[in-house]
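Asker: Here's my sequence, what's the structure:
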Amino acid sequence: MTNIESKHGTVSRQPYELYMSFTDLSNFVKMLPEDKREMITADMDTLSATVQGFNIGVKVHQRVPYSRIELVDYGAPFAFHIVIHFEPAAENAYHTDFWVSVEADLNLMMKMMLSGKIKEALDQMVDSLVDASNGKMPEGFDMEKWAGK
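Answerer: Numbering: from 1, shown residues only. Now for the predicted structure:
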């Protein structure tokens, strides 16, 4: 098994707030640019996407309120397990120490091709969440569309 862990980021929200926004996987689709949404389907417990011709999906395996959400592969070409962590930040209990860990069953070639890209994507996700919690939204993000107004 290949283990990949993102960097840790301090998010300016309490763990329960952040956890609640991640409990419904359909929320992820709302955060995507309009042109990417058609490639993804999601509901409360599952999310499926087509990436470069490959179908890959996740489903919720376990929710531990305000602490972590565990996802497992769902219709993916290889087995994996993702844990999204929400812990109170040591320096401020009103903030969250956020990180993501992935355990994937990758053969040597897949590991060489994908592990660096997965780590980079996870780190970018953490950075984006930290930035958003501090009021810095990604370029082109329309808050009114996302909020459904």
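
Asker: Mind checking what secondary structure residue 137 has?
Answerer: Taken by DSSP: H, G, I helix; E, B strand; the rest coil, the conformation at residue 137 corresponds to coil.

Asker: What's the separation between it and residue 128?
Answerer: Distance, residue 137 to residue 128, by Cβ to Cβ, to the nearest Å: 9 Å. From N, CA and C alone the C-beta is placed, and that goes for glycine too.

Asker: which strand is the longest one in the chain?
Answerer: In the chain, taking DSSP state E as the definition, the longest strand is strand 92-104.

Asker: by contact count, what packs against that one?
Answerer: Here strand 92-104 touches strand 2-5, strand 9-11, helix 15-22, strand 80-89, helix 108-133, going by 3 or more Cβ pairs under 8 Å, 6 or more residues apart in numbering; DSSP states H and E.

Asker: which residues touch the third one?
Answerer: Think helix 15-22. For helix 15-22, contacts defined as Cβ atoms under 8 Å, 6 or more residues apart in numbering pick out 11, 27, 65-67, 69, 84, 86-88, 96, 98, 129.

Asker: Please indicate which of those are buried?
Answerer: Buried members of those, scored by 16 or more other Cβ atoms under 10 Å, are 11, 66, 69, 84, 86, 88, 96, 98, 129.

Asker: can you redo those residues as a markdown table with pLDDT and distance to residue 78?
Answerer: Below are the buried ones among the contacts of helix 15-22 laid out as a markdown table (pLDDT from 0 to 100; distance: Cβ to Cβ, whole Å):
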| residue | pLDDT | distance to residue 78 |
| --- | --- | --- |
| 11 | 96 | 30 |
| 66 | 96 | 30 |
| 69 | 98 | 21 |
| 84 | 97 | 19 |
| 86 | 96 | 26 |
| 88 | 96 | 34 |
| 96 | 96 | 30 |
| 98 | 97 | 25 |
| 129 | 89 | 26 |
